[in-house]
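K.L.:
A predicted structure for the sequence below; I have some questions about it.
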Amino acid sequence: MISALRICLQSRWRGEFAELCGIFFFLLLYALQIQCYQCEEMKHNDCSTPEYIVNCTVNVQDMCQKEVLVKPDGIHYRKSCASSGACLIASSGYQQFCTGRLNSVCISCCNTPLCNGPKRKRPVPSAATSNRPLLLLLLLVSLALKLLPLT
């Protein structure tokens, strides 16, 4: 994908095509970026509100991570973006400590937007995430119409 972007930005591509190419790659990166909740040691799942939503690093942090810690004063949560490798290793490494009893730690990984928030009864996609594929399709169609001569 990076090499295709370089081709778009090279000096031989000028004018409308370069502009459309840049817009396409911007939207493509936006579509690939995941959002997660991020907080440290919050009680009662309090960090599942809009002010704790972060954009994860594209092509690096492709998962959301959730840690549930059972402490004497109640259940605490840590939530963050994570790379798939690091998250899966951490979650499997803590499997033996995920008992639900005092001092237990459970780590889970997921790869859909805001999936490290509270469990929903029925998944309802947000308008922003459900429109991403449509935006990309519209961009590709408009790009094709600009590049292909109409006969």
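P.N.:
Here it is on my side, so go on.

K.L.:
Only C-alpha atoms from now on, for both contacts and neighbour counts.
P.N.:
OK.

K.L.:
mind showing which ranges of the protein have poor pLDDT?
P.N.:
Residue ranges of the chain with pLDDT under 70: 1-32, 120-151.

K.L.:
what do you get if the cut-off is 80, keeping everything else the same?
P.N.:
Low-confidence segments of the chain (pLDDT under 80): 1-32, 44-46, 119-151.

K.L.:
Check which residues of stretch 79-97 are buried.
P.N.:
Lys79, Ser80, Cys81, Ala82, Ser83, Ser84, Cys87, Leu88, Ala90, Ser91, Tyr94 (16 or more other CA atoms under 10 Å).

K.L.:
how close does the fourth one get to Ile34?
P.N.:
Applying CA to CA, to the nearest Å, one obtains 10 Å for the distance of Ala82 from Ile34.

K.L.:
overlap in contacts of these two?
P.N.:
Contact criterion CA atoms under 8 Å, 6 or more residues apart in numbering; residues shared by Ala82 and Ile34: Cys56, Gln61, Asp62, Met63.

K.L.:
Of those, which is the most crowded?
P.N.:
Within these, neighbour counts (other CA atoms under 10 Å) peak at Met63, which reaches 27 neighbours.

K.L.:
My read is that that residue contacts Ser84, right?
P.N.:
Yes. Met63 lies in contact with Ser84 (CA atoms under 8 Å); the separation is 5.7 Å.
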